[in-house]
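Chemist: Generate coordinates for the sequence data below:
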Amino acid sequence: MLLSLLLSLTALAGETRTTYNASGQPEAEMAFDGDRLVSETTWSYDGSVAVKKVTTAGESVTETAWTYDGSSLVEEVVTVNGQRTSRTVMDYDGGALVKKTVVTPSGSTVTTTAYDSKGRVSDTETRDGAGAVIGSSRASYAAARVPIVVGASAGGAYASDVSLTSLAFGFAVDRAPDPSRYDEDPLEIGAYARYAYGRSDGDETQNQLDAGVGLDLNHLIGPLTYFLFTTMERDMVSNLNLDLIAAPVGVKYDLIEGAAVSSDISFAPVWNYRSITALQADCDGVEAEIDTICTSSKLRGSLRYKLKLAVGPVSFSDTLEYLPNLAPEDETFFWALANDSILINTAALGVKLSDKLSLAETFVFERDPTLAAQADCVNDPDNLLCDGMLFTTATTLTYAQSF
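Modeler: Here you go, the predicted structure:
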């Protein structure tokens, strides 16, 4: 009973038979009502695009013809029994449809379309033949929110043979938009602070603080990025009371920009303030008493090259920074380039363990002739500071949360 009912309904609804060409495109379609042919449609093609469709239903013959410019449809003409009922013309700008004109026996309409910088439709407006607006719309897109990532790290160690206790803490806050969004949201902000402390046999072996904050306006002019930053370092064990670098303006140029490989070069004039406890009778080239608090204030240039590689969860970066003294007081500029310039090379290897957990190993080599004033080179001549060099490493396990 149910099967018979279904068959009856199918017969009432009719049947459509379609044939296809060798390319899988429909070339003929016939619609039946029982055994009676209701309508027949045929298609004509020019290569892979349809150029004509003809539908015959009883005494009515409807023909639709399409014209193309390359791959873009530029005209559609519909006729019924040889009389034109509509003509539609499309205009493009850079492949995007910007204007559509429809002409019918009763009048004409013109629809214009505008797009935003990402190629999305932003505004449409339709006017009649007299130019009066008969319809308009405006699209708004919610901007994807750039997450703020907060990371925290902590660690410690103890060795009983030398009664060594060491602690390390750190945090970082970053807001970094995807490069594809630089045209609408270029602001990148980063801040960090790291503190390490250690004691061995009652003596302080480490008391170091690093902190910094930076701001980038990515691709402000083409591939050029405006940035500013401030960094601060203190290492009481090596007699560094404060090393402050402030760059109020800087320019970065992207040489390679990609997810797997990226590199850039930047330059910024920086103010470098340093305060040390001098263990030699030399305070930045001036004779002074031992254990004197020695301060200096210099205008330096920060010329930096950075290369970053990323393969899956593993990343490697290398940053080479050169900071010459741009305004020496008592010496020539070329003397300062050779004797009062700082070279810092920072290499970092990172592994993303999960969405929120990452491990990093950082190596920093610094060449700075003024470091010798911080060391007792008479009693400790093998200290690297006496040769104006400093090498540090750090292992960091970080937990990061996005907000």
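Chemist: And the helices in this structure?
Modeler: When assigned using DSSP state H, the helices of the chain occupy the ranges 2-13, 333-339.
Chemist: buried residues in the shortest one?
Modeler: If I follow you right, that is helix 333-339. Ala336 (16 or more other C-beta atoms under 10 Å). Just so you know, the C-beta spots here come from the backbone N, C-alpha and C atoms, and that holds for glycine as well.
Chemist: What separation is there between Leu371 and Met389?
Modeler: 7 Å (C-beta to C-beta, to the nearest Å).
Chemist: still on that earlier bit, can you tell me which of the helices of the chain the model trusts least?
Modeler: In terms of average pLDDT, helix 2-13 trails the rest of those, at a mean of 42.
Chemist: Please parse the protein into its domains.
Modeler: What the record gives for the chain is the domain set 15-138, 148-402, from automatic domain parsing.
Chemist: Just name the most buried of these.
Modeler: Most buried of the domains of the chain by mean neighbour count (mean count of other C-beta atoms under 10 Å) is domain 148-402; its value is a mean of 15.
Chemist: which ones are touching Gly95?
Modeler: The neighbours of Gly95, taking C-beta atoms under 8 Å, 6 or more residues apart in numbering as the test, are Ser72.
Chemist: still on that earlier bit, the domains of the chain: lowest mean pLDDT?
Modeler: Comparing mean pLDDT across the domains of the chain, the weakest is domain 148-402, with a mean of 90.
Chemist: can you give me the strands in the stretch 301-403 of the chain?
Modeler: Here the stretch 301-403 of the chain has its strands, by DSSP state E, counting those that start in this stretch, at 314-324, 341-352, 357-367, 389-402.
Chemist: what's the spacing between Tyr226 and Leu187?
Modeler: As judged by C-beta to C-beta, Tyr226 and Leu187 stand 11 Å apart.
Chemist: I should have written Lys306 there, sorry.
Modeler: Look at Lys306 and Leu187: by C-beta to C-beta, they are 20 Å apart.
Chemist: Contact partners for the residue lying closest to Thr113 once chain neighbours are set aside?
Modeler: Spatial nearest neighbour of Thr113, excluding adjacent residues (C-beta to C-beta, 6 or more residues apart in numbering): Thr124 at 5.1 Å. Applying C-beta under 8 Å, 6+ apart, we find Thr124 in contact with 111-114, 135-137.
Chemist: List just the nearest of these to Val314.
Modeler: Ala114 (44.3 Å; C-beta to C-beta).
Chemist: Adding distance to Thr101, write the strands of the stretch 301-403 of the chain out as TSV.
Modeler: Putting the strands of the stretch 301-403 of the chain into TSV (distance: least, C-beta to C-beta, whole Å) gives the following:
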stretch	distance to Thr101
strand 314-324	54
strand 341-352	54
strand 357-367	57
strand 389-402	49
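Chemist: Quick one: closest of these to Thr41.
Modeler: The nearest among those, by C-beta to C-beta, is strand 389-402 at 54.9 Å.
Chemist: got a list of contacts for that closest one?
Modeler: With C-beta under 8 Å, 6+ apart, strand 389-402 has contacts from 147-153, 155, 168, 170, 172, 194, 196, 238, 356-368, 371, 384.
Chemist: run the last query once more with 6 Å
Modeler: Contact partners of strand 389-402, identified using C-beta atoms under 6 Å, 6 or more residues apart in numbering, comprise 147, 149-153, 356-367.
Chemist: Also stretch 17-35?
Modeler: 14-16, 38-43.
Chemist: Which of those fall within strands?
Modeler: Counted as lying in strands by DSSP state E, out of those, are 15-16, 38-43.
Chemist: Distance check, Gly135 against Lys99.
Modeler: Taking C-beta to C-beta as the measure, Gly135 falls 15 Å from Lys99.
Chemist: ah, wrong one, I meant Thr398
Modeler: Counting by C-beta to C-beta - Thr398 and Lys99 are separated by 54 Å.
Chemist: just Ala132 next, same as before
Modeler: 17 Å.
Chemist: do the same with Ala144
Modeler: Distance of Ala144 to Lys99, given as C-beta to C-beta: 30 Å.
Chemist: ok, of the ones in strands among the contacts of stretch 17-35, which one's closest to Glu59?
Modeler: Glu59 lies nearest to Ser39 out of those, by C-beta to C-beta, at 11.6 Å.
Chemist: I figured that closest one hits Ser60, correct?
Modeler: No - using C-beta atoms under 6 Å, Ser39 is not in contact with Ser60, being 8.9 Å away.
Chemist: so who does Pro177 touch?
Modeler: Counting by C-beta under 6 Å, 6+ apart, Pro177 makes contact with 146, 185.
Chemist: 8 Å instead?
Modeler: Counting by C-beta under 8 Å, 6+ apart, Pro177 makes contact with 146, 185-188, 218.
Chemist: As JSON lines, these with distance to Val311 would be great.
Modeler: Shown next, in JSON lines, are those (distance: C-beta to C-beta, whole Å):
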{"residue": "Val146", "distance to Val311": "25"}
{"residue": "Asp185", "distance to Val311": "28"}
{"residue": "Pro186", "distance to Val311": "27"}
{"residue": "Leu187", "distance to Val311": "29"}
{"residue": "Glu188", "distance to Val311": "23"}
{"residue": "Asn218", "distance to Val311": "24"}
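Chemist: Strands - which of those residues land there?
Modeler: Judged by DSSP E, strands contain the following of these: 187-188, 218.
Chemist: how about those in a markdown table, adding distance to Val74?
Modeler: Below are the ones in strands among the contacts of Pro177 laid out as a markdown table (distance: C-beta to C-beta, whole Å):
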| residue | distance to Val74 |
| --- | --- |
| Leu187 | 42 |
| Glu188 | 44 |
| Asn218 | 39 |
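Chemist: from these, which is closest to Asp69?
Modeler: Taking C-beta to C-beta as the measure, Asp69 lies nearest Asn218 of the ones in strands among the contacts of Pro177, at 37.7 Å.
Chemist: Cool, thanks, signing off.
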